[in-house]
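Q: no sequence on this one, just coordinates:
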């Protein structure tokens with residue numbers, strides 16, 4: 001069971017880091033100049049989604065364990 005928890009946590013962390021790297025990349029900012037004006041809102045929404053996904057994943061794993 002712990003292996004599944006570690007796998008889920010690993011993928012959530014990798015997805016979050018990847019999203020931040022893509023969102024702040026130079027190529028992304030050059031491709032859409034208006035992106036800088038909306039970065040704060042975009043990051044908040046994406047971070048919220050990742051936190052919700054992590055909470056749901058942990059809740060499912062805890063339910064399976066107990």
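A: All right, it came through fine. Because the structure is predicted, anything quoted here is derived from the model rather than measured.
Q: what helix or strand is residue 21 located in?
A: Residue 21 is part of helix 2-23, with elements assigned from DSSP states H and E.
Q: and the closest residue to residue 8 other than its chain neighbours, which helix or strand is it part of?
A: Computed as CB to CB, 6 or more residues apart in numbering, the closest residue to residue 8 that is not its neighbour in sequence is residue 57, at 4.6 Å. Just so you know, the C-beta spots here come from the backbone N, C-alpha and C atoms, and that holds for glycine as well. Under the criterion of DSSP H and E, residue 57 resides in helix 35-65.
Q: tell me the mean pLDDT for that helix?
A: Across helix 35-65, the average pLDDT comes to 82.
Q: other SSEs contacting that helix?
A: Using 3 or more CB pairs under 8 Å, 6 or more residues apart in numbering; DSSP states H and E, the elements in contact with helix 35-65 are helix 2-23, helix 26-31.
Q: nearest to residue 62 among the ones you listed would be which one?
A: helix 2-23 (8.8 Å; CB to CB).
Q: show me what contacts the residue nearest the centre of the chain?
A: Centrality entry for the chain: nearest residue to the mean C-alpha point is residue 16, 3.1 Å, by CA atoms, centre = their mean. Residues counted as contacts of residue 16 (CB atoms under 8 Å, 6 or more residues apart in numbering) are 46, 47, 50.
Q: which one of these is nearest residue 64?
A: Relative to residue 64, and with distances defined as CB to CB, the nearest of those is residue 50, at 21.1 Å.
Q: if we can go back for a sec, give the buried residues for the helix holding residue 21.
A: The neighbour-count check on helix 2-23 (16 or more other CB atoms under 10 Å) flags 5, 8, 12, 16, 19 as buried.
Q: same check on stretch 56-66?
A: Buried residues in stretch 56-66, counting neighbours by 16+ other CB under 10 Å, are found at 57, 61.
Q: need the contacts of residue 16 in CSV with neighbour count and distance to residue 27, can you?
A: Formatted as CSV, the contacts of residue 16 follow (neighbours: other CB atoms under 10 Å; distance: CB to CB, whole Å):
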residue, neighbour count, distance to residue 27
46, 15, 18
47, 13, 21
50, 16, 22
